[in-house]
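In: predicted model and sequence follow; I will ask about them next.
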Amino acid sequence: MSCEGREKHEMDSLLVASAHWLRHTSATFDAPLRDAKDPQVDLRHSNLSTTQDTYYHSHDQARGYSVKRIGMRDRG
């Protein structure tokens, strides 16, 4: 990490990171790139909605930005 130019406090924070924090952080970055069923199985969530509600919230932002890109003339 030091080769990447990370600050000391960033590296020190990993020393006290819990397994749950690492799991959640990894899934947060990974989930939007995958089909929702795959992280659900990996994370052992019994309900798909648990995975979607927790890790796919970034799609709401992307959806909002996509609407803003549409001009008024294009909206019909």
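Out: Okay, I see it. Numbering: from 1, shown residues only.
In: need the contact list for M11.
Out: 1-2 (Cβ atoms under 8 Å, 6 or more residues apart in numbering). (Glycine included, C-beta is placed from N, CA and C.)
In: please disregard the earlier target; I meant A31.
Out: A31 touches 39, 51, 55-56, counting by Cβ under 8 Å, 6+ apart.
In: center of the chain - which residue?
Out: Nearest residue to the geometric centre of the chain (Cα atoms, centre = their mean): T28, 2.8 Å.
In: how close does that one get to E7?
Out: Noted for T28: a distance of 21 Å to E7, by Cβ to Cβ, to the nearest Å.
In: before we move on, back to that, what about the contacts of A31, which are in strands?
Out: Members of these lying in strands (criterion: DSSP state E): none.
In: switch those residues over to JSON lines; also include neighbour count.
Out: Putting the contacts of A31 into JSON lines (neighbours: other Cβ atoms under 10 Å) gives the following:
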{"residue": "P39", "neighbour count": "23"}
{"residue": "T51", "neighbour count": "22"}
{"residue": "Y55", "neighbour count": "22"}
{"residue": "Y56", "neighbour count": "14"}
